[in-house]
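Participant: Have a look at this prediction, sequence included:
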Amino acid sequence: MTKLSLTLIVLLLAGCSKEAAKEKTVRPPQQVIATTTKSADIALNLSAQGHVTPLDQVEIRPQKSGLIRQVHFKEGDQIRAGQLLFSLDAREDEANVRQAVAKLAQSQAQLAAAERDYSRSKELAAQSFISKTALDNAQSKLETLQATLNAERAAVDAAKITLSYSQIKAPLSGRAGLVEVHTGSYVQPSIATPLVSISQLNPITVAFSLPERNLSTLQNAPRPIVVNAQLSNGSKLQGKLSFIDNTVNPSSGTITLKAEFANPKNQLWPGAFVPVQVAAGTLKNAVVLPVQAVQTGPDQRFVFAIQPDKTVKAIPVELVQVENERAVVSGIGSNQRVVKEGGQNLRDGSKVREASAAKAQKPASAAK
């Protein structure tokens, strides 16, 4: 084969490869369904996952060692504040109270005798029948017995306090949990497991967290801030925001909040998880578009904006909230044509051809 022939073959192959590459790069416009971003005043609802916690909860433990004489309630009962829960064996404490009372009576009798002696001693000293030293001794005895009487009174009070530990009463109203002891059980203050726990269920709180960027929105929201809890049956229970933590969690970038709910029917139960929505005011002139127009990339969310030359451009946006199939976003203006459906295979600069939703559904219906 001559050198001229080889040159012609190489030129022919190069031309074919260029034509193939040109055919490969030139693609027909992709058909998409477009929509227009709109501006509207939207109620701002901040969503989070909440954790139901009792407004108040206490673990009942004994303050003295002893045997359980009687349990005065049942597990799961509704307990009222001051209600007697447990009775401990109090025979020794009752005897100590009686002993302290007897000592007090003895000291009172001795003090009365000392007061009479001191009174007579003053009369005799005034008539110079006894010395000044004898009068001082009578006064010293009187003052000593007065101090003893005060000590005996304190001993009686201490014995009565110790006796009161034999009756364990509820410090608050709420629902009783699992009872860990029974009649005849020996208990002591150092036990690891409480006798019973009492949780206040009405009212009740729901704790949740929101990103720190929402803090200024919450601070400027009209009071009271309404919080709705989504119940398992689909209904909503309305409460109000009661607590905003004073510190942002540096590891998660969130802030802890609590909402208080009236719970007369025990619809919220401690330990359960419920979705909550915080009504944080109104977004003025918010940009709204269908939620399916928002694409999720590896780093951020974006929308494909349709340019005048029918190409698309990816514009990063921040999703503020989603409600009723509408997405509220920031990062793009209103009256902007964006791709609503058909943007899965698009890239920056891709050519598109708009089609109505009705036409786009015809091929699917025919295939079906």
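Facilitator: That came in fine, so what should we check first?
Participant: C-alpha only now, for contacts and for neighbours.
Facilitator: Fine.
Participant: Extract the residue ranges of the stretch 1-150 of the chain that are flagged as low pLDDT.
Facilitator: 1-27 (pLDDT under 70).
Participant: isn't there a helix covering Gln139?
Facilitator: Yes. Inclusion of Gln139 in a helix is indicated when DSSP: H, G, I helix; E, B strand; the rest coil is applied.
Participant: Just the pLDDT at the closest residue to Ser242 other than its chain neighbours, thanks.
Facilitator: Distances taken as C-alpha to C-alpha, 6 or more residues apart in numbering place Ala259 nearest to Ser242, at 5.1 Å, with adjacent residues excluded. Confidence per residue is given as pLDDT, and for Ala259 that number is 96.
Participant: Show me which positions of whichever strand or helix holds Val227 end up buried.
Facilitator: Counting by DSSP states H and E, the element that carries Val227 is strand 226-230. Within strand 226-230, the residues that qualify as buried by neighbour count (16 or more other C-alpha atoms under 10 Å) are Val226, Val227, Asn228, Ala229, Gln230.
Participant: now stretch 228-246
Facilitator: Residues of stretch 228-246 classed as buried under the neighbour-count rule (16+ other C-alpha under 10 Å) are Asn228, Ala229, Gln230, Leu237, Gln238, Gly239, Lys240, Leu241, Ser242, Ile244.
Participant: In helices, which of these appear?
Facilitator: With helices taken from DSSP state H, there is no overlap with those.
Participant: tell me the domain ranges of the protein?
Facilitator: The record's domain parsing of the chain by automatic domain parsing lists 28-42+285-367, 46-56+204-282, 61-88+169-199, 90-165.
Participant: Now do the contacts for the residue nearest to Ser242.
Facilitator: Going by C-alpha atoms under 8 Å, 6 or more residues apart in numbering, Ala259 touches Thr205, Val206, Ala207, Val227, Gly239, Lys240, Leu241, Ser242, Phe243.
Participant: Would you list the phi and psi of the second one?
Facilitator: By that I understand Val206. phi -130, psi 120 (degrees, to the nearest 10).
Participant: and stretch 344-361, average pLDDT?
Facilitator: Rounded to a whole number, the mean pLDDT of stretch 344-361 is 74.
Participant: for stretch 197-206, same thing?
Facilitator: For stretch 197-206, the mean pLDDT works out to 94.
Participant: now swap in stretch 299-315 and tell me
Facilitator: Averaging the model's pLDDT scores along stretch 299-315 yields 90.
Participant: And that stretch, what's buried?
Facilitator: Buried residues in stretch 299-315, counting neighbours by 16+ other C-alpha under 10 Å, are found at Arg301, Phe302, Val303, Phe304, Ala305, Ile306, Thr311, Val312, Lys313, Ala314.
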